[in-house]
Each structure stands twice: as C-alpha cells, then as structure tokens.
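Chemist: no letters, just coordinates:
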C-alpha cells in the first residue's frame, strides 16, 4: 500500500505534498486528466463505485468528483495526515456524502463490495516486489467483472546506462522546476529502500498473470509507466 515504510505522517511532508508532487512528476496534472477521461468514456453505470487506492492526497478525488459528483468514491490510505488532505477536498464537493475515507490498506475493505473502476496512481512502487503479486490480486478481486484498473508506478530499466540517462534527465527536470539537488538525492536514495523498482516488462507480466485482460500502457514519464487493464467479464 502507498506510504508503506515511509514517514507520510510527517506534518511538513504532508502539508506541502500537493504543491511539491507536480515539481517531481512530469505531466502530473495531465496524468490525472487522462485518468478522468478514461473513466468518463469507459463507465456506463449511472452511479458507479470507484476505489482510489492510496489517494489520501485528494488529487484523484478532486479531478473525478468535480466532474462526476454523483459517482461513489472510496479512498483507502494508511496515512491519517494524507487522508486529512482528501477530507478537505471532500468538504468542498457538492455531494460529500458520496465519498468514504478509509484509514488502512486494502485489507480493511470488505470483499463483498465490488467496484466499477480502481485507480492506483504512484503507489505500487512503495510495495516490496515480492508483495506486488498479492497487492495486484487484492485489487483484481475487488473489481466487478469488466471493471477497469488504472495503475501507474515507477519502474526500472534493464540497462544501467539507459537508467542513468533517465535519472540525469529527471534530476534536471526537478531542478528546472525549482527543486534543489538535495531533494533529488533524497528521492534517489529511496530506490531499493522504500521505493521498490521492477522492470516494466515484468510488472506488465504480473498484471497478466493476475488475470487482467490485455494490459495496455497509456503513460510514460521518465521511469514512471501507466497501464489500463480490465477484469474479465
């Protein structure tokens, strides 16, 4: 689950999260707009249930609920402080009663509740690689037949020289956005500790072996990739 083994209850880190994350993730806002468009054009139910995994920051809720206020949203996140950010977004919505905030991980949600779509953005790389299959399986079980998973995660490259090129460019991007070199160094030092990278081809294969139908990559930004995948009907 997102924020595992990370200090996401640190007051300063959480307070500055929504302003800081677009400075680190290229096309961050565009990614969320794309997710909104995929769900808007793919869901035909009148009042679908949407599960947002690790969505305590409130960005997904902000983008989706301001466009589809009649949808039902469940946000699950293990960080109380991150959920406080989502709660602020919820308070500004025309129908806040359509939003449920859950403190914990996926295991805190009842299995009898199935969802039309699940979003899992910038979360899976916080899950240790050996635990990723169970994490994906947990989301698969919670989807309705034909339901959509939209997932993005940081991945690794098989070739060390290529990875170095990507890392140098990513550092340059962050510094252009106003981040200092120390912020990049802190970010990079998390690789292999709290950020667990896996080759994108391996991750895509995991989606397939979990049971997801025809995973399709729709997003790529430095070492971040995104897929659409569906549960079989």
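Modeler: Received it, and whenever you're ready, just let me know what you need. Model, not experiment: these values are computed from the prediction.
Chemist: buried ones in the top strand by length along the chain?
Modeler: As assigned by DSSP state E, the longest strand anywhere in the chain is strand 143-154. For strand 143-154, the neighbour count (16 or more other C-beta atoms under 10 Å) marks 143, 147, 148, 149, 150, 151, 152, 153, 154 as buried. To be clear about C-beta, it is placed using only N, CA and C from the backbone, and glycine gets the same treatment.
Chemist: quick one, helices of the chain?
Modeler: Ranges of helices within the chain are 11-15, 17-24, 28-42, 59-65, 80-91, 132-141, 160-176, 181-189, 200-210, based on DSSP state H.
Chemist: what angle do the longest strand of the chain and helix 28-42 make?
Modeler: Orientation of strand 143-154 against helix 28-42 (axes from the mean of the first three to the mean of the last three C-alpha atoms, to 10 degrees) gives an angle of 160 degrees.
Chemist: sheet-wise, list the partners of strand 143-154 with their directions.
Modeler: If you go by DSSP bridges, strand 143-154 pairs up with strand 115-121 (parallel), strand 224-230 (antiparallel).
Chemist: centre-most residue in this structure?
Modeler: The centre of the chain sits closest to residue 121, judged by C-alpha atoms, centre = their mean, with a distance of 1.4 Å.
Chemist: ok, that one touching residue 152?
Modeler: Yes: counting by C-beta atoms under 8 Å, residue 121 does reach residue 152; the two are 5.0 Å apart.
Chemist: having no further points to raise, I will conclude here.
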